[in-house]
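[1] Okay, predicted coordinates and the sequence, questions at the end:
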Amino acid sequence: MATSSRYDELRPALHINVDVPTPSKKHYLDLSSLSVNFPSKGGCPQRFRRYDDIHKMLSALKRGVNPSLIFNDQLKKVIVLQESLEILFYEPIMNDILIESSFFSRYLQLRDQGLLVTVMLYDFQKHKFCQRPPNPSDTLPENMRFVAEALWGHRVKLGATLARMRIAEGAQSLAQLLPPVKQAHHMSVSGVPVYARMCCLPTSEEWTLAMSELHSAGISFVQEKSQLKSTPNSATFITKDLLAFSPDCRSILYNGTLRDGPISVVRPQDFTSYMSIEKLGSKMNTLSEYESDVIVTNCDNGTIPAHVSSLMKGKGKVIVLGATPANIRTIESNLAAISVKNVQLIPVPFPNVDPTDSMFSNAGLIICNVPSSLSSILNPIDYIMQEGDEYTAQLLKAEHIDMVALIQEQKTCLSHALKFPQAKYVAYFTRSSMAVENSDLVQGALSSHTAEAEGHPEIHQYEIDSTSGADDKGYLCLLKQLPRVQPAASDVIAEAILRGVLSADGINEYSIAQQEKKKKKPKKRIFSQHEGIPMTFAAQQKVVQKKYESFEKPKPFI
């Protein structure tokens, strides 16, 4: 005997005869006819597996936590992330459609399945309300089957409601129903290219194989970045090793079959991080000549250390702080795949290390890649794929950010970096467009450090060497260590008087005594008693010998 489901009592309302479309009678669907017209292949249809992944991801995001989904295929992960972001954009519109069409008034028991209904409704309207419900032989969760059947039975009212909303707003597409701010953001996100870095030399065999593989995958190269929008499956070089791809190339870059081949040296790269590190290239070239080390304050998935290592030309060490035992193995494998060997991972938070430790005695540059609000990230999907799942909740705008704690963490990191006496440069960069995380924070930390260094000549002073930043490119500030100036003696005495260490009278007496000591005294010279002229060294030796012989010699002890 089959077990009863809480949806069974509502299921008869779905079986309505569609052959009698009278205005006073609801349109019902005979589900038994579906198995004849659409033969079942058995199992769970692919789209319902995708619904389940999206529902789990959005459920975790609604709770403010990062989803813990495991994807064997990176391309599937990209699709789930993309659709999850779109549903978060259009969720208010989907809710309005459900309310105005009286969907939940008809299916009361689906009220607690509102998020799943929204997920499936969004995909339903994308396919013009023509997606059929699952076959009876398909195996899938009972609640998902019932939602699919309910949406199919209510499809006429759902489509009519959406049409009325578009007519009322004069919208030609669903995106035009969004508020103006969201429309602008959606348009900017949809046109952002996908960036990737060639992690090999142009003269290497890997470079030739990777370019050949990209051509075989159907990617054509254009001259200008502006041509990417109008040319499908296209790419262009932004710098000597940074590629920009048209948005439709994600399926190629994240395809598992290509990632295992020569194209593995083409690593998707966050544009903000790349440009910030690239602007430090001239400083790193200088440091590499002296084989100085570089400290990276926060551990990521290995993209920043790998980029720094390439600019350092493999000389010196790249010391990465904050690595955890959980991600050390992953980072090491990522670095080994692109032949990076001079990166040292240290599982200690940066604020906890001693600036005078001998481990950092050769460090010439400190890169403070502090956590930030990520407000300058335009393409969150690619950033999550490149940097890790821990940024999912933050980037999809479902997590409340404690800005006070975040800014304090940023200031602590920068202030600690300024205490390293051997570091000639400190680079501070964020992926934020807010001044409170950028210029305001740098000025505050620099002022505090200057005040702390007063009266302590062992503490080095810093000044701002250069800054750069824009709303879509984050922020970078390079601080340069000032040469230590030896104070004049008069300044030291004046400061001692002000501090009360010495009195003015004591200083005058001290000065007079010092002047008396400095007076030159005539040197004693030995003159001959007979000639009155200076004696030679040999004559002096004879006089000394005579005096020694005149002394009474001690008698031997018996």
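    Yep, it's here.
[2] low-confidence ranges in the stretch 1-150 of the chain?
    1-44 (pLDDT under 70).
[3] Also the chain?
    For the chain, the stretches with pLDDT under 70 are 1-44, 256-264, 397-400, 469-473, 485-488, 500-541, 543-558.
[4] Residue for residue, what is the longest helix it has?
    With secondary structure taken from DSSP state H, the chain has its longest helix at helix 74-100.
[5] Would you mark the buried spots in it?
    74-81, 83-91, 93-94, 97-98 (16 or more other C-beta atoms under 10 Å). Any C-beta I mention is one placed from the backbone N, CA and C, and that applies to glycine too.
[6] burial of S246, as a residue count?
    Counted with other C-beta atoms under 10 Å, the neighbours of S246 add up to 22.
[7] quick one, phi/psi of it?
    phi -70, psi 150 (degrees, to the nearest 10).
[8] got it, and E409?
    Torsion angles, degrees, to the nearest 10, at E409: phi -60, psi -40.
[9] My guess is L395 contacts Y383. True?
    Yes: between L395 and Y383 there is a contact under C-beta atoms under 8 Å: 6.2 Å.
[10] Settle it for me: which of the two has more neighbours?
    Y383 (22 against 18).
[11] Quick check: which element contains that one?
    Taking DSSP states H and E as the definition, Y383 sits inside helix 380-387.
[12] hmm, back to that, next, the buried residues of the helix or strand just after the longest helix of the chain.
    Remark: after helix 74-100, the chain's next helix or strand is helix 103-106, criterion DSSP H and E. Residues of helix 103-106 classed as buried: 103-104 (neighbour count, 16+ other C-beta under 10 Å).
[13] Touching both of L395 and Y383, which residues are there?
    Counting by C-beta atoms under 8 Å, 6 or more residues apart in numbering, the residues touching both L395 and Y383 are 374, 377.
[14] Now tell me what touches stretch 328-337 from outside.
    Contacts for stretch 328-337 (C-beta under 8 Å, 6+ apart): 264, 299, 301-302, 305-306, 320, 323, 341, 343, 345, 347.
[15] just the buried members of the residues you listed?
    For the contacts of stretch 328-337, buried by 16+ other C-beta under 10 Å: 299, 301-302, 305-306, 320, 323, 343, 345.
[16] and the residue positioned nearest the centre of the chain, what does it touch?
    Compute the mean C-alpha point of the chain, and by C-alpha atoms, centre = their mean the closest residue is E387, 6.3 Å away. Residues in contact with E387, defined by C-beta under 8 Å, 6+ apart, are 270, 300-301, 303.
[17] could you pull out the strands for this protein?
    194-198, 220-221, 234-237, 242-245, 266-268, 293-296, 318-321, 343-346, 363-369, 425-430, 462-470, 474-481 (DSSP state E).
[18] mind putting those in a markdown table, distance to L158 included?
    Below are those laid out as a markdown table (distance: least, C-beta to C-beta, whole Å):
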| stretch | distance to L158 |
| --- | --- |
| strand 194-198 | 34 |
| strand 220-221 | 41 |
| strand 234-237 | 38 |
| strand 242-245 | 36 |
| strand 266-268 | 37 |
| strand 293-296 | 52 |
| strand 318-321 | 52 |
| strand 343-346 | 53 |
| strand 363-369 | 47 |
| strand 425-430 | 44 |
| strand 462-470 | 42 |
| strand 474-481 | 42 |
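[19] Out of these, which is closest to S173?
    Proximity to S173, assessed across these by C-beta to C-beta, is greatest for strand 194-198 (23.4 Å).
[20] what's that closest one packed up against?
    For strand 194-198, the packing partners by 3 or more C-beta pairs under 8 Å, 6 or more residues apart in numbering; DSSP states H and E come out as strand 242-245, helix 250-253, strand 266-268, helix 271-278.
[21] and R50, which of those is closest to it?
    helix 250-253 (15.1 Å).
[22] and Q223, which of the helices and strands packed on strand 194-198 is closest to it?
    Nearest to Q223 among these is strand 242-245; the distance by C-beta to C-beta comes to 12.0 Å.
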